[in-house]
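1. fold the following.
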Amino acid sequence: MPDILTFTDGRSGESFEAPIEEHSIRATALKQAGLASFDPAFLNTASVRSAITYIDGDAGILRYRGYPIEQLAESATYLEVAYLLIHGELPTQEELAHWAHDITMHTFLHENVKRVMEGFRYDAHPMGMLISVVAALSTFYPEAQDVDDDAVRMQQVVRLIAKVPTVAAWSYRHSRGLPYVYPDNDLGFSANFLSMMFRMAEPRFHAEPALERALEVLFILHADHEQNCSANVMRSIASSKADPYVSLAGAAAALYGPLHGGANEAVLRMLNEIGSVKHVPGFIARVKAGEGRLMGFGHRVYKNYDPRARIIKQTADEVFEVTGRNPLLDIALELEKIALEDDYFVSRKLYPNVDFYSGLIYQALGLPTALFPVMFAIPRTSGWLAQWLEGVQDPEQKIARPRQLYVGPAERQFVPIESRRALPVSTH
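-> Predicted structure coming up:
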């Protein structure tokens with residue numbers, strides 16, 4: 001017997017059928033009853049088929065192309081993971097060497113980009129600079145508009161993965177009034193980024209291996225996360241056949257928001273406000289009384305411990321062995337301990353998420369909080385591009401245009417301005 005959902009319109013008593021495919025029905029099946037689905041924020045709407053990232057929020061599972069995130073974080077490099085997301089398989093040694101070489105050779109920016117960046121105020125937010133410069137890159141590579149050409153698409157993929165870290169590092173240097181540092185082609189992906197960020201007068205910047213590896217792990221954990229806000233924006237913009245530079249700039253703009261890429265900054269602000277381990281019980285009591293919010297706990301998808309949070313917690317310990325222990329860590333650990341034992345939080349499935357510890361690591365690396373969403377955007381570039389590639393090659397993809405439920409006035413007749421009366425001023 002075929003998998004079919006039968007539903008009855010209570011207004012008319014008429015019954016309709018819709019095929020069930022992959023645990024879903026097509027929303028267009030409702031048209032036969034003259035209905036549309038209404039799902040603000042896409043709480044239960046699948047807008048695409050994707051083979052990139054799998055999440056089981058109830059079980060706390062995250063996989064890229066089938067590979068558990070724990071295995072990738074332990075054994076892979078970021079460029080291996082980026083290759084996996086883009087191409088669907090882990091690279092061989094030869095494929096990885098070619099991939100790394102191509103990306104390394106494209107890390108430099110056109111000299112005119114420096115003039116674009118120099119036009120920003122001294123106190124411009126690094127994320128605003130990143131978004132603007134990435135969008136501007138589309139004018140340097142006009143051929144990128146040919147999104148239906150496979151070779152052209154892949155050329156832009158390599159360029160973006162290579163150049164976004166350079167733009168990010170230069171945005172940091174600009175905010176510090178420091179000269180821009182050019183990429184060093186003899187360094188690996190993360191080491192090169194740290195060099196562009198922190199190199200001063202030394203002939204070559206040598207990154208602490210533990211810090212370089214910590215950055216690799218953070219980049220792997222942030223590379224993709226299914227159909228989140230920014231990935232949805234990336235696909236939506238791309239559905240109009242926009243080039244990947246402006247599409248990625250739009251995705252980064254979505255990431256800029258405090259509910260997305262800025263969440264780890266909010267965690268640090270919360271920990272600083274708590275101030276001491278002895279103040280944690282009082283803070284917890286205020287949260288339960290509705291007088292505060294526990295940042296870094298809970299997730300739209302995960303109803304279990306975020307698997308990325310477990311890995312980052314271990315990575316934080318390794319970083320602090322090099323940089324010294326961040327006093328905010330003791331507050332974070334006590335906060336986590338109490339929250340995981342308290343029925344108020346456990347019953348609401350509020351577990352630590354990826355943002356809870358990542359900000360502490362970025363702070364230990366000497367990064368200002370304004371740079372945190374930029375650090376998120378660097379690795380997410382590969383995930384956004386994987387989503388973009390999948391979308392532009394999907395035969396079912398049409399230009400995104402959601403329906404709406406109109407709740408405004410019915411038809412009205414135009415009133416000449418001399419006959420209009422002012423609305424009463426509200427006293428509320």
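2. strands of the stretch 151-300 of the chain, start to end?
-> Read by DSSP state E, counting those that start in this stretch, the stretch 151-300 of the chain holds no strands at all.
3. so where's it uncertain?
-> Across the stretch 151-300 of the chain, no stretch falls below the confidence threshold (pLDDT under 70).
4. and the helices in it?
-> 189-198, 209-221, 229-238, 244-256, 263-274, 280-288 (DSSP state H, counting those that start in this stretch).
5. local confidence estimate at His428?
-> His428 is assigned a predicted lDDT (pLDDT) of 59.
6. oh, that last question was meant for Arg420, not what I typed.
-> 92.
7. how many neighbours does it have?
-> Around Arg420 there are 8 other residues, counting by other C-beta atoms under 10 Å. For glycine as for every other residue, the C-beta is placed from the backbone atoms N, C-alpha and C.
8. buried ones in stretch 39-56?
-> 48, 50, 52-53, 55 (16 or more other C-beta atoms under 10 Å).
9. what of stretch 282-296?
-> Quick answer for stretch 282-296 (16+ other C-beta under 10 Å): 283-284, 287, 292, 294-296.
10. report the distance from it to the chain centre.
-> Stretch 282-296 sits 26 Å away from the centroid of its parent chain (C-alpha atoms, centre = their mean, to the nearest Å).
11. need the residues that contact it.
-> For stretch 282-296, the external contacting residues (C-beta atoms under 8 Å, 6 or more residues apart in numbering) are 263-264, 266-267, 269-270, 274, 335, 338-339, 342, 344-345, 350, 352-353, 355-357.
12. stretch 86-104 too?
-> Contacts for stretch 86-104 (C-beta under 8 Å, 6+ apart): 51, 65, 67, 76, 79-80, 82-84, 157-158, 161-162, 183, 185, 188-189, 192, 382, 385-386, 389.
13. again, 10 Å this time
-> 51-52, 64-67, 72, 76-77, 79-84, 154-155, 157-163, 165, 183-189, 192, 382-383, 385-386, 389-390 (C-beta atoms under 10 Å, 6 or more residues apart in numbering).
14. output that stretch as PDB - backbone C-alpha positions only.
-> C-alpha atoms of stretch 86-104 as PDB (Å, rounded to 0.1, in the frame of the first residue of the first chain):
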ATOM      1  CA  ILE A  86      32.500  20.800  -1.600                       C
ATOM      2  CA  HIS A  87      33.200  17.500  -3.400                       C
ATOM      3  CA  GLY A  88      31.300  15.000  -1.300                       C
ATOM      4  CA  GLU A  89      34.300  12.700  -0.400                       C
ATOM      5  CA  LEU A  90      37.400  13.000   1.600                       C
ATOM      6  CA  PRO A  91      40.400  13.700  -0.600                       C
ATOM      7  CA  THR A  92      43.300  11.400  -1.300                       C
ATOM      8  CA  GLN A  93      46.800  12.700  -0.600                       C
ATOM      9  CA  GLU A  94      47.200  13.800  -4.200                       C
ATOM     10  CA  GLU A  95      43.800  15.500  -4.200                       C
ATOM     11  CA  LEU A  96      44.500  17.300  -1.000                       C
ATOM     12  CA  ALA A  97      47.900  18.500  -2.100                       C
ATOM     13  CA  HIS A  98      46.300  19.900  -5.300                       C
ATOM     14  CA  TRP A  99      43.400  21.400  -3.400                       C
ATOM     15  CA  ALA A 100      45.700  23.000  -0.800                       C
ATOM     16  CA  HIS A 101      48.000  24.400  -3.500                       C
ATOM     17  CA  ASP A 102      45.100  26.000  -5.400                       C
ATOM     18  CA  ILE A 103      43.700  27.600  -2.300                       C
ATOM     19  CA  THR A 104      47.200  28.800  -1.200                       C
END
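15. residues of that stretch that come out buried?
-> Buried, per 16+ other C-beta under 10 Å, within stretch 86-104: 86-87, 90-91, 99-100, 102-104.
16. okay if I get those residues as a markdown table plus distance to Pro327, secondary structure and pLDDT?
-> Rendered in a markdown table, the data for those read as follows (distance: C-beta to C-beta, whole Å; DSSP: H, G, I helix; E, B strand; the rest coil; pLDDT from 0 to 100):
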| residue | distance to Pro327 | secondary structure | pLDDT |
| --- | --- | --- | --- |
| Ile86 | 40 | helix | 98 |
| His87 | 43 | helix | 98 |
| Leu90 | 40 | coil | 98 |
| Pro91 | 41 | coil | 98 |
| Trp99 | 41 | helix | 98 |
| Ala100 | 38 | helix | 98 |
| Asp102 | 43 | helix | 98 |
| Ile103 | 38 | helix | 98 |
| Thr104 | 38 | helix | 97 |
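17. among these, which one sits closest to Phe38?
-> Ile86 (35.4 Å; C-beta to C-beta).
18. since that was my last question, I'll sign off now.
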